[in-house]
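Undergrad: dropping a prediction and its sequence here:
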Amino acid sequence: EVQYVESGGGLVQAGGSLRLACTAPGYLFDEYAIAWFRRSPGKERTGISCIGFRDGNVYYKDSVKGRFSISSDNAKNTMYLQMNSLKPEDTADYYCMGLWRCSDSFSHTDDFGPWGKGTQVTVSS
(Lines give C-alpha, C1' and ligand atoms only; values in the text may rest on other atoms or scores of the structure.)
Protein backbone atom coordinates (compact mmCIF):
# COMPACT_ATOMS: atom_id res chain seq x y z
CA GLU A 1 0.00 0.00 0.00
CA VAL A 2 1.40 3.37 -1.01
CA GLN A 3 1.80 5.95 1.72
CA TYR A 4 1.78 9.58 0.68
CA VAL A 5 3.61 12.15 2.76
CA GLU A 6 3.01 15.80 1.93
CA SER A 7 5.16 18.63 3.24
CA GLY A 8 6.09 22.24 2.62
CA GLY A 9 2.94 24.01 3.66
CA GLY A 10 2.84 27.06 5.85
CA LEU A 11 1.60 30.58 6.34
CA VAL A 12 2.41 33.05 3.59
CA GLN A 13 1.21 36.48 2.55
CA ALA A 14 -0.75 36.97 -0.63
CA GLY A 15 1.63 37.17 -3.56
CA GLY A 16 4.13 34.88 -1.91
CA SER A 17 5.36 31.44 -2.87
CA LEU A 18 5.59 27.97 -1.40
CA ARG A 19 6.93 24.68 -2.69
CA LEU A 20 5.09 21.58 -1.64
CA ALA A 21 6.58 18.11 -1.81
CA CYS A 22 4.97 14.70 -1.91
CA THR A 23 6.98 11.59 -1.22
CA ALA A 24 5.52 8.20 -2.01
CA PRO A 25 8.00 5.39 -1.45
CA GLY A 26 7.20 2.45 -3.63
CA TYR A 27 4.92 4.35 -5.98
CA LEU A 28 5.59 3.57 -9.62
CA PHE A 29 6.11 7.10 -10.88
CA ASP A 30 7.25 5.79 -14.25
CA GLU A 31 4.08 3.75 -14.75
CA TYR A 32 1.24 5.91 -13.50
CA ALA A 33 0.23 9.51 -13.04
CA ILE A 34 0.08 11.46 -9.82
CA ALA A 35 -1.88 14.51 -8.77
CA TRP A 36 -2.29 17.30 -6.27
CA PHE A 37 -5.67 17.80 -4.64
CA ARG A 38 -6.74 20.42 -2.15
CA ARG A 39 -9.57 20.88 0.28
CA SER A 40 -10.46 24.42 1.20
CA PRO A 41 -12.34 25.12 4.45
CA GLY A 42 -15.95 24.03 4.09
CA LYS A 43 -15.45 22.57 0.62
CA GLU A 44 -14.85 19.17 -0.92
CA ARG A 45 -11.43 17.96 -1.92
CA THR A 46 -10.75 18.73 -5.58
CA GLY A 47 -7.96 18.02 -8.00
CA ILE A 48 -5.84 20.96 -9.12
CA SER A 49 -2.95 19.49 -11.08
CA CYS A 50 -1.60 16.20 -12.31
CA ILE A 51 1.34 14.81 -14.20
CA GLY A 52 1.61 11.60 -16.18
CA PHE A 53 5.05 10.19 -16.67
CA ARG A 54 4.37 7.61 -19.32
CA ASP A 55 2.44 9.92 -21.64
CA GLY A 56 3.91 13.24 -20.53
CA ASN A 57 0.53 14.80 -19.83
CA VAL A 58 0.36 17.73 -17.45
CA TYR A 59 -2.85 19.43 -16.38
CA TYR A 60 -3.71 22.46 -14.27
CA LYS A 61 -7.10 23.55 -13.13
CA ASP A 62 -7.91 27.04 -14.40
CA SER A 63 -7.77 28.49 -10.89
CA VAL A 64 -4.05 27.68 -10.59
CA LYS A 65 -2.91 27.73 -14.21
CA GLY A 66 -0.02 30.09 -14.76
CA ARG A 67 0.76 30.30 -11.04
CA PHE A 68 1.45 26.69 -10.02
CA SER A 69 3.93 24.28 -11.56
CA ILE A 70 4.02 20.53 -11.02
CA SER A 71 7.19 18.49 -11.35
CA SER A 72 8.76 15.32 -10.08
CA ASP A 73 12.01 13.61 -9.27
CA ASN A 74 11.23 10.00 -10.03
CA ALA A 75 14.54 8.77 -8.64
CA LYS A 76 13.49 10.18 -5.28
CA ASN A 77 9.83 9.11 -5.57
CA THR A 78 8.96 12.74 -4.96
CA MET A 79 6.59 15.15 -6.65
CA TYR A 80 6.59 18.92 -6.19
CA LEU A 81 4.13 21.76 -6.53
CA GLN A 82 5.68 25.18 -6.92
CA MET A 83 3.05 27.71 -5.97
CA ASN A 84 3.64 31.34 -6.91
CA SER A 85 1.47 34.45 -6.67
CA LEU A 86 -0.53 32.83 -3.93
CA LYS A 87 -4.00 34.15 -3.18
CA PRO A 88 -6.16 33.86 -0.06
CA GLU A 89 -8.42 31.49 -1.98
CA ASP A 90 -5.51 29.06 -2.25
CA THR A 91 -5.82 28.48 1.49
CA ALA A 92 -6.44 24.75 1.86
CA ASP A 93 -5.04 21.42 2.93
CA TYR A 94 -3.05 19.97 0.03
CA TYR A 95 -2.82 16.26 -0.73
CA CYS A 96 -1.18 14.08 -3.34
CA MET A 97 -2.60 10.89 -4.80
CA GLY A 98 -1.83 8.40 -7.52
CA LEU A 99 -3.84 8.22 -10.72
CA TRP A 100 -4.17 5.88 -13.63
CA ARG A 101 -3.79 8.74 -16.09
CA CYS A 102 -3.48 12.52 -16.08
CA SER A 103 -6.15 14.30 -18.10
CA ASP A 104 -8.41 17.32 -17.84
CA SER A 105 -11.08 15.11 -16.28
CA PHE A 106 -8.94 13.41 -13.67
CA SER A 107 -10.47 12.51 -10.34
CA HIS A 108 -9.68 10.45 -7.30
CA THR A 109 -10.12 6.69 -7.30
CA ASP A 110 -9.64 4.21 -4.50
CA ASP A 111 -7.08 2.25 -6.50
CA PHE A 112 -3.98 3.99 -5.20
CA GLY A 113 -4.25 3.76 -1.46
CA PRO A 114 -5.49 6.02 1.32
CA TRP A 115 -4.98 9.75 1.58
CA GLY A 116 -1.98 11.08 3.45
CA LYS A 117 -2.26 13.66 6.20
CA GLY A 118 -1.83 16.53 3.80
CA THR A 119 -0.03 19.80 4.32
CA GLN A 120 -1.76 23.00 5.29
CA VAL A 121 -1.35 26.18 3.27
CA THR A 122 -2.67 29.45 4.64
CA VAL A 123 -2.49 32.60 2.55
CA SER A 124 -3.17 35.84 4.37
CA SER A 125 -4.45 38.93 2.60
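TA: Now that the structure is in, tell me what you want to look at. Residues are numbered from 1 along each chain as shown.
Undergrad: do I have it right that residue 19 meets residue 82?
TA: Yes - the criterion here is C-beta atoms under 8 Å, and residue 19 meets it with residue 82 at 5.2 Å. Where you see a C-beta, it was placed from the backbone N, CA and C, and this is true even at glycine.
Undergrad: ok, how many other residues are close to residue 84?
TA: 14 (other C-beta atoms under 10 Å).
Undergrad: from residue 83, how far off is the residue nearest to it when sequence neighbours are not counted?
TA: In space, and not counting its chain neighbours, residue 84 is closest to residue 17: 4.7 Å by C-beta to C-beta, 6 or more residues apart in numbering. Distance, residue 17 to residue 83, by C-beta to C-beta, to the nearest Å: 6 Å.
Undergrad: please name the residues that touch the nearest residue to residue 61 once chain neighbours are set aside.
TA: Among residues not flanking residue 61 along the chain, residue 48 sits closest, at 4.7 Å (C-beta to C-beta, 6+ apart). Contact analysis of residue 48 by C-beta atoms under 8 Å, 6 or more residues apart in numbering lists 35-38, 60-61, 63-64, 68.
Undergrad: what helix or strand does the spatially most central residue of the chain sit in?
TA: Central residue of the chain (C-alpha atoms, centre = their mean): residue 36, 2.0 Å from the mean position. Using DSSP states H and E, residue 36 sits within strand 33-39.
Undergrad: helices and strands around that strand, which ones?
TA: If you count contacts as 3 or more C-beta pairs under 8 Å, 6 or more residues apart in numbering; DSSP states H and E, strand 33-39 packs onto strand 18-23, strand 46-52, strand 78-83, strand 92-99.
Undergrad: could you export those strands as TSV, including distance to residue 119?
TA: Supplementary listing: the helices and strands packed on strand 33-39 in TSV, determined by distance: least, C-beta to C-beta, whole Å:
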stretch	distance to residue 119
strand 18-23	6
strand 46-52	14
strand 78-83	10
strand 92-99	5
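Undergrad: for the residue nearest to residue 84, which residues are in contact?
TA: Going by C-beta under 8 Å, 6+ apart, residue 17 touches 82-86.
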